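Asks: Here is the input, now give the coordinates:
(one chain, ligands or ions: 7)
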Amino acid sequence: MSRFLGLVLFLLNVADLCNGGVTSSFVRKVEKTIDMPLDSDVFEVPPGYNAPQQVHITQGDDVGMGVIVSWVTMEEPGSNTLLYWIANTKLIRKARAKITTYKFYNYTSGYIHHCTINDLEPDTKYYYEVGLGHSPRTFWFVTPPAVGPDVPYTFGLIGDLGQSYDSNVTLTHYEQNPTKGKTVLFVGDLSYADQYPDHDNRRWDTWGRFVERSAAYQPWIWTAGNHEIDFVPEIGETKPFKPYTHRYHTPYRRSNSTAPFWYSIKRASAYIIVLSSYSAYGKYTPQFKWLEKELPKVNRSETPWLIVLMHAPWYNSYNYHYMEGETMRVMYEPWFVQYKVDLVFAGHVHAYERSERVSNIAYNIVNGICSPISDQSAPVYITIGDGGNLEGLATNMTDPQPKYSAFREASFGHATLDIKNRTHAYYAWHRNQDGYAVEADRMWFSNRYWHQGEDSTT
Ligand SMILES: *[C@@H]1O[C@H](CO)[C@@H](O)[C@H](O)[C@H]1NC(C)=O
Ligand SMILES: *[C@@H]1O[C@H](CO)[C@@H](O)[C@H](O)[C@H]1NC(C)=O
Ligand SMILES: *[C@@H]1O[C@H](CO)[C@@H](O)[C@H](O)[C@H]1NC(C)=O
Ligand SMILES: *[C@@H]1O[C@H](CO)[C@@H](O)[C@H](O)[C@H]1NC(C)=O
Ligand SMILES: *[C@@H]1O[C@H](CO)[C@@H](O)[C@H](O)[C@H]1NC(C)=O
Ligand SMILES: *[C@@H]1O[C@H](CO)[C@@H](O)[C@H](O)[C@H]1NC(C)=O
Ligand SMILES: [Fe+2]
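Replies: Ligands and ions are numbered 1, 2, ... in the order given. Here you go, the predicted model:
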């Protein structure tokens with residue numbers, strides 16, 4: 001289809017918006033999604049004896065002045081010392097990592113290092129070096145500006161990435177996007193190692209090496225998905241999340257959470273709450289009690305943008321995982337409306353979807369009021385599970401498109417959220433078939449606390 005015809009269809013579709021949602025008319029060849037073989041370039045082991053690999057960073061404290069650096073050595077534990085310094089300065093500081101290993105059926109992990117660096121300067125470029133004594137490697141990151149209401153900041157959004165050829169295209173598009181994301185909000189389902197016989201954990205290692213080219217240089221904020229559970233009693237693996245929790249740490253204690261699967265961070269002008277679709281969330285559970293205390297703590301004068309990440313979407317209109325998020329929605333949606341959450345990002349469904357601002361919280365068993373209604377205090381729900389994993393695209397959609405669904409398209413891609421100030425954030429979704437700069441869906445979001453106007457495309 002020519003770009004011109006595409007544009008015409010796009011405009012026709014925009015006209016449709018008033019009557020309900022838009023199902024994109026973008027036409028692609030749906031091809032099988034295939035994992036990159038073990039000997040692919042992106043999985044190469046870095047050269048040198050015991051060289052650190054799978055290097056990745058995440059936020060290490062509540063405000064972004066801490067970083068958790070993680071890496072794996074294969075031959076022996078090696079040094080647990082990390083060196084770090086501010087770019088163009090001579091003062092080198094040291095921090096120490098804790099080392100862990102785990103076994104999974106007949107797999108034994110390498111030596112997994114986790115090192116938290118604290119009390120960093122805001123908005124500053126730091127270098128860090130790991131693998132001392134054997135094969136040192138040096139990386140860098142930039143800390144975010146100090147938390148504040150009008151601090152601009154750009155997030156990338158990726159979900160359900162996996163390690164297929166399409167996953168590699170998604171990551172490349174994120175890296176090459178002229179809108180430069182500074183931190184990835186990752187909505188769960190990392191390696192898909194569990195799709196291999198006995199959950200072949202070597203695929204957790206290849207995934208770590210694959211994403212290092214981004215995750216060693218900017219934090220990825222982790223959400224747990226169903227592919228992190230790795231529960232396989234048939235082979236004696238009965239501890240859920242074993243590989244995930246050994247490999248990917250989160251700063252959950254800093255927000256008084258009692259488990260790594262739900263926690264919050266502040267970063268620039270955003271307050272980000274990460275929830276777990278696969279941990280108990282009913283009344284009286286640890287996650288419920290935590291969230292109940294957490295939401296009233298958010299100070300919108302300090303962090304205007306309230307963003308929630310989870311894996312299973314609440315407002316999904318594909319015939320995949322349909323209504324899987326429903327029980328959690330019933331528990332927490334009234335709070336999301338009460339506390340005016342701006343945006344909710346989820347994955348799980350391997351496609352893209354953006355909702356209207358809707359809520360469905362009036363039902364009380366006897367009143368029969370159980371349909372989503374337009375609600376300007378409600379978040380926009382975005383499904384961004386389109387990272388490109390081996391399970392392929394979710395192409396089968398419910399028909400007709402429900403009113404809560406504003407835009408949907410079954411293509412792989414990623415998104416960026418460019419927060420400008422306390423009132424405005426520019427959001428864009430990019431499909432992998434287009435050039436790096438092309439925006440296939442875009443929106444100016446207005447903040448629910450400071451500027452409860454309609455969101456708009458211009
Ligand atoms: C683990 O078991 C599988 C299947 O039995 C086998 O193919 C594989 O070589 C084993 N791996 C190790 C490290 O022993
Ligand atoms: C992955 O993408 C990078 C470019 O971003 C490319 O250099 C590399 O060859 C790709 N690898 C595979 C296996 O597709
Ligand atoms: C965590 O709980 C402690 C004790 O109740 C409290 O002093 C502290 O302020 C809490 N921290 C956060 C980030 O909520
Ligand atoms: C909220 O944040 C603002 C700006 O940082 C601060 O002045 C105010 O005291 C905070 N409010 C509360 C209740 O902590
Ligand atoms: C799409 O999903 C519906 C509902 O699950 C199912 O009945 C239908 O057969 C599916 N269509 C295709 C083409 O797979
Ligand atoms: C916030 O950003 C928007 C978009 O860039 C701009 O139009 C608006 O004037 C800004 N508001 C303030 C108070 O600077
Ligand atoms: Fe999933």
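Asks: Close to ligand 3: what parts of the stretch 201-350 of the chain are there?
Replies: 255-256, 297 (CB under 6 Å from any ligand atom). From N, CA and C alone the C-beta is placed, and that goes for glycine too.
Asks: Show me what the strand or helix carrying residue 71 is in contact with.
Replies: Using DSSP states H and E, residue 71 falls within strand 67-73. For strand 67-73, the external contacting residues (CB atoms under 8 Å, 6 or more residues apart in numbering) are 50-60, 82, 97, 109-117, 120, 126, 128, 130-131, 134, 141, 143, 205, 208, 219, 247-251.
Asks: show me what contacts the closest residue to residue 291 other than its chain neighbours?
Replies: Nearest residue to residue 291 in three dimensions, chain neighbours excluded: residue 332, at 6.7 Å (CB to CB, 6 or more residues apart in numbering). Contacts for residue 332 (CB under 8 Å, 6+ apart) come out as 275, 281, 291.
Asks: list the contacts for residue 89?
Replies: Per CB under 8 Å, 6+ apart, neighbours of residue 89: none.
Asks: From residue 124, how far out is it?
Replies: From residue 89 over to residue 124 the distance is 10 Å, taken as CB to CB, to the nearest Å.
Asks: Likewise for residue 132?
Replies: From residue 132 to residue 124 the distance is 23 Å (CB to CB).
Asks: closest point of the stretch 1-150 of the chain to ligand 3, which residue?
Replies: The stretch 1-150 of the chain approaches ligand 3 most closely through residue 62 (5.8 Å), counting by CB to the nearest ligand atom.
Asks: and the gap between that residue and ligand 6?
Replies: 26 Å (CB to the nearest ligand atom, to the nearest Å).
Asks: Next: residue 376.
Replies: 19 Å.
Asks: Residue 167 belongs to a strand?
Replies: No - using DSSP: H, G, I helix; E, B strand; the rest coil, the secondary structure at residue 167 is helix, not a strand.
Asks: isn't it right up against residue 389?
Replies: Yes - the pair residue 167 / residue 389 is scored as a contact, 6.3 Å apart, by CB atoms under 8 Å.
Asks: what is in contact with these two at once?
Replies: Common neighbours of residue 167 and residue 389 (CB under 8 Å, 6+ apart) are residue 161.
Asks: Give me the pLDDT for the closest residue to residue 103 other than its chain neighbours.
Replies: In space, and not counting its chain neighbours, residue 103 is closest to residue 109: 7.3 Å by CB to CB, 6+ apart. Per-residue pLDDT puts residue 109 at 98.
Asks: what about residue 162, how many neighbours?
Replies: By the criterion of other CB atoms under 10 Å, residue 162 has 27 neighbours.
Asks: could you list every residue that touches the residue nearest to it when sequence neighbours are not counted?
Replies: Counting by CB to CB, 6+ apart, residue 162 lies nearest to residue 389, which is 2.5 Å off, once chain neighbours are set aside. Residue 389 sits next to 33, 160-164, 166-167, 189, 192, 350 when contact means CB under 8 Å, 6+ apart.
Asks: hmm, try it at 7 Å
Replies: When contacts are counted by CB atoms under 7 Å, 6 or more residues apart in numbering, residue 389 touches 33, 160-162, 164, 167, 189, 192, 350.
Asks: Check those residues one by one and keep those near ligand 2.
Replies: For ligand 2, no contacts are drawn from the contacts of residue 389 by CB under 6 Å from any ligand atom.
Asks: Find the pair from those with maximum spatial separation.
Replies: Using CB to CB, the pair of the contacts of residue 389 lying farthest apart is 33 and 189, separated by 13.4 Å.
Asks: Compare neighbour counts for these two and give me the winner.
Replies: Neighbours were counted for residue 33 and for residue 189 using other CB under 10 Å; residue 189 has more, 25 against 18.
Asks: Assess the claim that the more buried one and residue 225 are in contact.
Replies: Yes - counting by CB atoms under 7 Å, residue 225 is a contact partner of residue 189 at 3.6 Å.
Asks: Distance of residue 67 relative to residue 58?
Replies: From residue 67 over to residue 58 the distance is 7 Å, taken as CB to CB.
Asks: Leaving out chain neighbours, which residue sits closest to residue 402?
Replies: Leaving out its chain neighbours, the residue that sits closest to residue 402 by CB to CB, 6+ apart is residue 317, at 5.2 Å.
Asks: one step back: got any residues that touch both of residue 67 and residue 58?
Replies: With CB under 7 Å, 6+ apart as the test, residue 67 and residue 58 both reach residue 219.
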